[in-house]
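Student: Sequence first, then the predicted structure:
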2 protein chains.
Amino acid sequence: MADDRLSRVFAALADPTRRDIVARLSVGDATVGELARPYDVSVQAVSKHLRVLEDAELVSRRRDAQRRPCHLEAEVFDLMTAWIERYRRQAEERFRRLDVVLAEMAEDDGATPTHHERGAAS
Amino acid sequence: MADDRLSRVFAALADPTRRDIVARLSVGDATVGELARPYDVSVQAVSKHLRVLEDAELVSRRRDAQRRPCHLEAEVFDLMTAWIERYRRQAEERFRRLDVVLAEMAEDDGATPTHHERGAAS
DNA sequence: CGCTTCTTCAACCAGATGGTTGACGACTGG
DNA sequence: CCAGTCGTCAACCATCTGGTTGAAGAAGCG
């Protein structure tokens, strides 16, 4: 896996267990042991998952006696959302332009060209 | 990697080359050869990347003579956005509730407890 | 201090990933 | 038809991943 920020975040969330951990942390902070309990893998495995989430800066940790409570850093979601929205918009923009071109073609002559199946704008 | 839909999508986007391919496809459809040109890897490697994107249903392909033009399926972005927004909101909601609790505590007595560093509401 | 609890480190393993090269399949176009 | 182009399949390789077990650190408790 590449070592840039966005790659680490996407890779971290490409695992269902880690997504579930994120889901649970969105409700409230939790320790490694608490997080591990519901899964039928070793606590060490969960500890590794948490390290991945921490490297992706999705999770941070305090120290509380022997415990290391995990805290969800929701700001990272903005990074993903920004990336996703950028290309979603670009793709939508592209469809919009395509519709304009098709509309112009329809004005020029009555031919109906092959077209992507998508709801055309008004 | 897990084989569920969301895992495939996140895993597909965890690679910078594949994200770049998505970025380029957001501008317009392209063939495998066209997509491969800018990268200094073999066309076979790019073909593999496209297969990953296709399995994640981020990309679909037509047939045009020998060519296999690739098309971005932007709808999948909705899936990710939905997941992300869900937990972002939940985390924000949690902070909101925390702020309420803290406000109530402040009313009860003047003590200032330890608190997450985050901009408190109002 | 010594035991127990919570967590991580280390070594190991099977399987996935991302790359390579070489051969082949599909289709065009002269 | 047959040379050439576009793309994929197959085999191989190094590295990463997600899991295991066993041992060790770190901190509180009696």
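Tutor: Happy to help now that I have it.

Student: Now do the buried residues in the host helix or strand of A:H49.
Tutor: Per DSSP states H and E: A:H49 is located in helix A:43-55. Neighbour counts over helix A:43-55 (16 or more other CB atoms under 10 Å in any protein chain shown) mark A:46, A:49-50, A:52-53 as buried. Just so you know, the C-beta spots here come from the backbone N, C-alpha and C atoms, and that holds for glycine as well.

Student: any chance of those in CSV, with distance to B:A30 and pLDDT too?
Tutor: Shown next, in CSV, are the buried residues of helix A:43-55 (distance: CB to CB, whole Å; pLDDT from 0 to 100):
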residue, distance to B:A30, pLDDT
A:V46, 42, 98
A:H49, 36, 98
A:L50, 39, 98
A:V52, 33, 98
A:L53, 35, 98
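
Student: Tell me the one among these nearest to DNA strand C.
Tutor: Taking CB to the nearest atom of the strand as the measure, DNA strand C lies nearest A:L50 of these, at 5.7 Å.

Student: which residues does the closest one contact?
Tutor: Taking CB atoms under 8 Å, 6 or more residues apart in numbering or on different chains, we find A:L50 in contact with A:21, A:32, A:35, A:59, A:61, A:70.

Student: Which of these has the largest number of neighbours?
Tutor: Within these, A:I21 tops the neighbour count with 26 neighbours, counted by other CB atoms under 10 Å in any protein chain shown.

Student: so which strand or helix has A:E57?
Tutor: Following DSSP H and E, there is no helix or strand that holds A:E57.

Student: Any idea how many residues pack against the closest residue to it other than its chain neighbours?
Tutor: Spatial nearest neighbour of A:E57, excluding adjacent residues (CB to CB, 6 or more residues apart in numbering or on different chains): A:V76 at 5.5 Å. By other CB under 10 Å, the residues close to A:V76 number 23.

Student: Restricting to C-alpha, output the helix holding A:H49 in PDB.
Tutor: These are the backbone C-alpha positions of helix A:43-55, laid out as PDB (Å, rounded to 0.1, in the frame of the first residue of the first chain):
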ATOM      1  CA  VAL A  43      -6.900  -8.900  21.300                       C
ATOM      2  CA  GLN A  44      -3.600  -8.600  19.600                       C
ATOM      3  CA  ALA A  45      -5.300  -8.700  16.200                       C
ATOM      4  CA  VAL A  46      -7.600  -5.800  17.300                       C
ATOM      5  CA  SER A  47      -4.500  -4.000  18.600                       C
ATOM      6  CA  LYS A  48      -3.100  -4.200  15.100                       C
ATOM      7  CA  HIS A  49      -6.300  -2.900  13.600                       C
ATOM      8  CA  LEU A  50      -6.200   0.000  15.900                       C
ATOM      9  CA  ARG A  51      -2.600   0.700  14.900                       C
ATOM     10  CA  VAL A  52      -3.700   0.900  11.300                       C
ATOM     11  CA  LEU A  53      -6.500   3.300  12.200                       C
ATOM     12  CA  GLU A  54      -4.000   5.300  14.300                       C
ATOM     13  CA  ASP A  55      -1.500   5.500  11.400                       C
END
